[in-house]
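**Q** I need the structure of the sequence given here:
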Amino acid sequence: MGSWSVLVEARTPNDNEQLAENDPAIDRFFELLWADYAGAVSAGGLYWSARVSVDVDDVMAVFPTAVEVVEKAAAEAGMPAWPIVRAELVTDEELTMQLERPNFPWILGAAEVADRLGVSKQRLSQLRQAGNFPEPIRTLASGPIWLAGAIDSFVETWDRRPGRRRPTRCPGCDVMRGEIRTLVPNGVRVDQVCTNPECVLRDQRVALEREVVR
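**A** The predicted structure is shown next:
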């Protein structure tokens, strides 16, 4: 049997007829729905709504069942008999996941950004001055703040090793690679290639293949 969470909302047909937020019928409405249907109620002004949990096998029967439950409780509690204007359903499992999922963007301050990049605040300042670092979404009294997603995107393409790179051993011929930088015909840069001609061709071919994949 499927367990569904259904939101049912009613609105007054006359804007002059409104529901007071302290109307005792609202508390009674909640009491009638809570025990058997894990109900939640919101009411006041032009609207009242209720969310109930119903166990129904046939998805096509979910709405009729939930609306019947809500309208019966509303009538017994003395709620206004306003027409239903909205109904939404979702499985209880999906609703729980939605409630647990953050619905706001993650924000990072300068200290958190520097920590995520693995650099000092001074180095972070240098990166910002370089011109290709994400702009902060706002600058507060405590300093600038960034969206975490923007920083993560920067990290994916950031070359964190400025200046000369430490020579490494070539896996092709087992000699030390030099700090040679070359351009293959399509403009792809190859860093730290070995001076062995065979290795140079191999590294250029690999770079070309990677560019094609991109």
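**Q** domains of this protein?
**A** Following the assignment in automatic domain parsing, the chain carries domains at 2-100, 107-156, 165-214.
**Q** Just say helix, strand or coil for the closest residue to R86 other than its chain neighbours.
**A** Leaving out its chain neighbours, the residue that sits closest to R86 by CB to CB, 6 or more residues apart in numbering is E9, at 4.1 Å. Bear in mind the C-beta positions are built from the backbone N, C-alpha and C, glycine included. Per DSSP: H, G, I helix; E, B strand; the rest coil, the secondary structure class of E9 is strand.
**Q** what sits opposite E9 in the beta ladder?
**A** S49, R86 (DSSP bridges).
**Q** wait, it sits on A87?
**A** Yes: the pair E9 / A87 is scored as a contact, 7.3 Å apart, by CB atoms under 8 Å.
**Q** would JSON lines of the domains of the chain with mean pLDDT and mean neighbour count be doable?
**A** Listed next are the domains of the chain as JSON lines, based on pLDDT from 0 to 100; neighbours: other CB atoms under 10 Å:
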{"stretch": "domain 2-100", "mean pLDDT": "89", "mean neighbour count": "16"}
{"stretch": "domain 107-156", "mean pLDDT": "86", "mean neighbour count": "14"}
{"stretch": "domain 165-214", "mean pLDDT": "51", "mean neighbour count": "13"}
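**Q** any idea where the strands of this protein begin and end?
**A** For the chain, the strands defined by DSSP state E occupy 2-11, 40-44, 47-56, 84-91, 107-109, 138-140, 143-147, 181-183, 189-191.
**Q** Show the end-to-end separation of stretch 113-128, please.
**A** One end of stretch 113-128 sits 11 Å from the other (CA to CA, to the nearest Å).
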